[in-house]
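Participant: Could you look at this predicted model? Sequence included:
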Amino acid sequence: MIRVDGLSVRYGNIPALMDISLSIQEGECVLITGPSGCGKSTLARVLCGLIPHAIPAQVEGRVEVDGLDTLTQPIPQVAQKIGMVFQRPASQLFHLRVEDEVAFGPRNLGLAEEEVQRRTEWALRATGMYDLRADKPSALSGGQKQCVAIAAALAMRTRVLVLDEPTASLDVPNTRRVMEALAALRAEHGITIILIEHRLADAAQLAGRVILMEEGRILADGIPQEVFADRQLRLRLGLRRPSDEPAVSWETLIRANGSHPAEGQPLLELQNVSAGFNGHAIIKEIQLTLYPGEFAALVGDNGAGKSTLAMVAAGLIKPQAGLVRFDGGTRPRAGLDVALLFQDPQEQLFTDSVEEEVTFAPKNYDRYDPALQEQILQEADLWGLRQRRPMAISAGQQQRTTLAACLSLRPRLLILDEPTLGQDWGHLQRLMDYLKRLNEQGTTILLISHDYKLVHHYARRIILLRDGRIEQIGKIQDTPFHNMVPEAKDEAVDA
């Protein structure tokens, strides 16, 4: 089905892939993983024809998908053979209704309208988006946009389906739905599936084969149990250890009466706050207080309102009702008092180099400290990339660049909205350990994530949001995999 011989890709003088050769049989499900920036997404873009037809690059070697040479055939021809879901779902959504987005591909294949509707409904139900089929994709949460992009790819039923971090922004129910849909497509239609993932637990259960990459090369290729059995290799590459532990709901992991500082002046207060867009309230009657030095986590399913709450807390949108008080009464100054890392790093990148991105705000506010900026770049593992263009690096590296830029002003409150995109556990743990040190020095941190292990490892208080309202605040239950977290100091934790 897929054959790659001697593939090398360079972006200018920068190598991305070096002498890659592999073959994938029809109906296989293959997991491709490796450290951030190792070339996984570049390989995916070559397979689907974006490189070299839409993304400039120097390419050597040969790539065939179902007998079609993707390096010479036009993208419309390749798109009939292979479908792809990108890391940034917003980049492939353009319709005004969710249903039209999903139906667009099948209609362009010239299928009968009855078949288009059948595929569209199946894909929407498989991804949990059927009830939102009349909504605008642009108005959805990041996780919901991801589900729409996946549904659109599923509806095409191409011979090959490539998904680049499909679960990065998904909650447990939607992750389960997507994996079940992929398994059904493979069983019923023999579709070949390629999963590119850092969160390995669900992907490793679906895949019968894993390809491990490092610095543009294939390091290992075999069944997951054998490839992931090498503990030293996992540690060196910063990979998580796949776990058979079933995912469970947040309610089962939160213990009531969560720790809450009883003394001192609150840093941020949301008093009976409702907020949203176009007159529609997404969060309702929120009562929330954060204190200096807290490390809290805001969790909940896709579409619960977490990102909206974050934007209100960061001073980026005004509440429709209620008050937001920072440090005793003032409105928070975006960037200075409160910094927000968005889900999509490209929404915050606009300069010509990584270093300029990180130093832009401090220089404009006359707070530039060369030693601090170098420390931040080093901690984010960006020092060697500091002269690179932000739009020419991987999504994980872009995410670290935006986080470094957020840290450059040393805000008193840092909000991280799904910081796991494109991150292997090694880079993520290094960054989070640095943030933990800043937290110990007084920086307040609010982490928004679907990643159980990340929340368990770092947060001391959990806030559960459901349907725009705070449903529960508490501490973490002592669960079996919570007890395994101390191993993260010398071994990657479970996915």
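Facilitator: Arrived safely, thanks for sending.

Participant: Helices of the stretch 101-250 of the chain, residue ranges please.
Facilitator: 113-126, 142-156, 172-189, 200-206, 224-227, 231-237 (DSSP state H, counting those that start in this stretch).

Participant: Same check on the stretch 301-450 of the chain?
Facilitator: Ranges of helices within the stretch 301-450 of the chain are 306-313, 354-364, 370-379, 395-407, 425-440, based on DSSP H, counting those that start in this stretch.

Participant: Mind giving me the packing neighbours of the third one?
Facilitator: It stands for helix 370-379. helix 354-364, helix 395-407, helix 425-440 (3 or more Cβ pairs under 8 Å, 6 or more residues apart in numbering; DSSP states H and E). In short, each C-beta sits where N, CA and C put it, glycine included.

Participant: quick one: low-confidence ranges for the protein?
Facilitator: 243-248, 256-263, 477-495 (pLDDT under 70).

Participant: Spatially central residue for it, please.
Facilitator: Central residue of the chain (Cα atoms, centre = their mean): Leu421, 2.8 Å from the mean position.

Participant: doesn't Pro89 make contact with it?
Facilitator: No: at 10.9 Å, Leu421 and Pro89 do not qualify as touching, with contact defined as Cβ atoms under 8 Å.

Participant: Determine the residues that are contacts of both of those two.
Facilitator: Ser169 (Cβ atoms under 8 Å, 6 or more residues apart in numbering).

Participant: Please dump the helices and strands packed on helix 370-379 into a markdown table; it should also carry distance to Leu50 for every row.
Facilitator: Shown next, in a markdown table, are these (distance: least, Cβ to Cβ, whole Å):
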| stretch | distance to Leu50 |
| --- | --- |
| helix 354-364 | 23 |
| helix 395-407 | 14 |
| helix 425-440 | 25 |
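
Participant: okay if I get these as JSON lines plus distance to Val85 and mean neighbour count?
Facilitator: Shown next, in JSON lines, are the helices and strands packed on helix 370-379 (distance: least, Cβ to Cβ, whole Å; neighbours: other Cβ atoms under 10 Å):
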{"stretch": "helix 354-364", "distance to Val85": "27", "mean neighbour count": "19"}
{"stretch": "helix 395-407", "distance to Val85": "13", "mean neighbour count": "26"}
{"stretch": "helix 425-440", "distance to Val85": "22", "mean neighbour count": "19"}
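
Participant: among those helices, which is nearest Ala168?
Facilitator: helix 395-407 (9.1 Å; Cβ to Cβ).

Participant: who does the closest one touch, helix- and strand-wise?
Facilitator: Right, helix 395-407 is packed against strand 338-341, helix 354-364, helix 370-379, strand 413-417, helix 425-440 by 3+ Cβ pairs under 8 Å, 6+ apart.

Participant: what sits up against that helix?
Facilitator: So helix 395-407 is contacted by 36-37, 41, 87-88, 165, 335, 339-342, 345-346, 348-349, 354, 357-358, 360-361, 376-377, 379-382, 385, 390-391, 393, 414, 416, 419, 421-424, 427, 431, 438 (Cβ under 8 Å, 6+ apart).

Participant: Just give the number of residues close to Ala187.
Facilitator: 10 (other Cβ atoms under 10 Å).

Participant: so what's it up against?
Facilitator: Counting by Cβ under 8 Å, 6+ apart, Ala187 has no contacts.

Participant: can you check Leu22 too?
Facilitator: Counted by Cβ under 8 Å, 6+ apart, Leu22 has contacts 2-4, 211, 218, 221.

Participant: ok, Leu431 touching Ala380?
Facilitator: Yes: taking Cβ under 8 Å as the definition, Leu431 is a contact partner of Ala380 at 6.2 Å.

Participant: Next, work out how far apart the residue nearest to Lys40 when sequence neighbours are not counted and Asp417 are.
Facilitator: Among residues not flanking Lys40 along the chain, Ile196 sits closest, at 4.8 Å (Cβ to Cβ, 6 or more residues apart in numbering). Distance, Ile196 to Asp417, using Cβ to Cβ, to the nearest Å: 22 Å.

Participant: one step back: can you add distance to Gly105 and neighbour count and give the contacts of Leu22 back as a markdown table?
Facilitator: Shown next, in a markdown table, are the contacts of Leu22 (distance: Cβ to Cβ, whole Å; neighbours: other Cβ atoms under 10 Å):
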| residue | distance to Gly105 | neighbour count |
| --- | --- | --- |
| Ile2 | 21 | 23 |
| Arg3 | 25 | 14 |
| Val4 | 25 | 21 |
| Ile211 | 27 | 23 |
| Ile218 | 31 | 21 |
| Asp221 | 31 | 14 |
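
Participant: CSV for those, including distance to Val78?
Facilitator: Below are the contacts of Leu22 laid out as CSV (distance: Cβ to Cβ, whole Å):
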residue, distance to Val78
Ile2, 12
Arg3, 14
Val4, 14
Ile211, 21
Ile218, 22
Asp221, 24
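
Participant: quick one: which of these is nearest to Ile470?
Facilitator: Ile211 (42.5 Å).

Participant: what are the bridge partners for the closest one, then?
Facilitator: Beta-bridge pairing of Ile211 under DSSP bridges involves Ile32, Asp221.

Participant: Could you tell me which residues make contact with it?
Facilitator: 22, 30-33, 218, 220-221.

Participant: and the two most separated of those?
Facilitator: Checking the contacts of Ile211 with Cβ to Cβ, the most distant pair is Leu22 and Thr33, at 14.1 Å.

Participant: returning to that earlier point: among the helices of the stretch 101-250 of the chain, which comes closest to Gly12?
Facilitator: Ranking the helices of the stretch 101-250 of the chain by proximity to Gly12 (Cβ to Cβ) places helix 231-237 first, at 26.0 Å.
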